[in-house]
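Engineer: prediction below, plus the sequence it came from.
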Amino acid sequence: MSTPASSPSPRPGSDGNSGRLRAVARYSGIGAQMLATIGLSTWAGYWLDGHFHTKTPWFTLGLMLLGLFAALYNVIRSVTREP
């Protein structure tokens, strides 16, 4: 008598761990994207202030706020989207 070959069964609890790892990767990626958006927009404003020799940092402040709102919009859009 031969026994049918069966596929190995998944380890118990492995599905929950992979779900947690996906969530950690997703949210850390969102944080890195937010940091990059705000940082690059602030740097661009700083560069513009230096290029045009402004006495007050209007470009830095304006682009920093624009980057902040853009980053928050992307976070809200990413979190509310289905996985």
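Structural biologist: Looks like it came in fine.
Engineer: for whatever helix or strand Trp43 lives in, packing partners?
Structural biologist: Of the helices and strands defined by DSSP states H and E, Trp43 is found in helix 14-52. Of the remaining helices and strands, those touching helix 14-52 by 3 or more C-beta pairs under 8 Å, 6 or more residues apart in numbering; DSSP states H and E are helix 58-80. Every residue, glycine included, has its C-beta placed from N, CA and C.
Engineer: lowest average confidence, helix or strand, in this protein?
Structural biologist: Here the helix or strand of the chain ranked lowest by mean pLDDT, DSSP states H and E is helix 14-52, holding a mean of 92.
Engineer: what about Thr80, distance to Tyr73?
Structural biologist: 11 Å (C-beta to C-beta, to the nearest Å).
Engineer: neighbour count winner among those two?
Structural biologist: Between Thr80 and Tyr73, counted using other C-beta atoms under 10 Å, Tyr73 has the larger neighbour count: 11 against 7.
Engineer: residue contacts, that one?
Structural biologist: Applying C-beta atoms under 8 Å, 6 or more residues apart in numbering, we find Tyr73 in contact with no residue.
Engineer: for the one 5 residues further on, same thing?
Structural biologist: Under the criterion of C-beta under 8 Å, 6+ apart, the neighbours of Ser78 are Arg26, Ile30.
Engineer: so how far is Thr56 from it?
Structural biologist: With distances taken as C-beta to C-beta, Ser78 is found 34 Å from Thr56.
Engineer: also Ile30?
Structural biologist: Taking C-beta to C-beta as the measure, Ile30 falls 33 Å from Thr56.
Engineer: quick one, which of those two is more surrounded?
Structural biologist: When Ile30 and Thr56 are compared on other C-beta under 10 Å, the one with more neighbours turns out to be Ile30, at 15 against 8.
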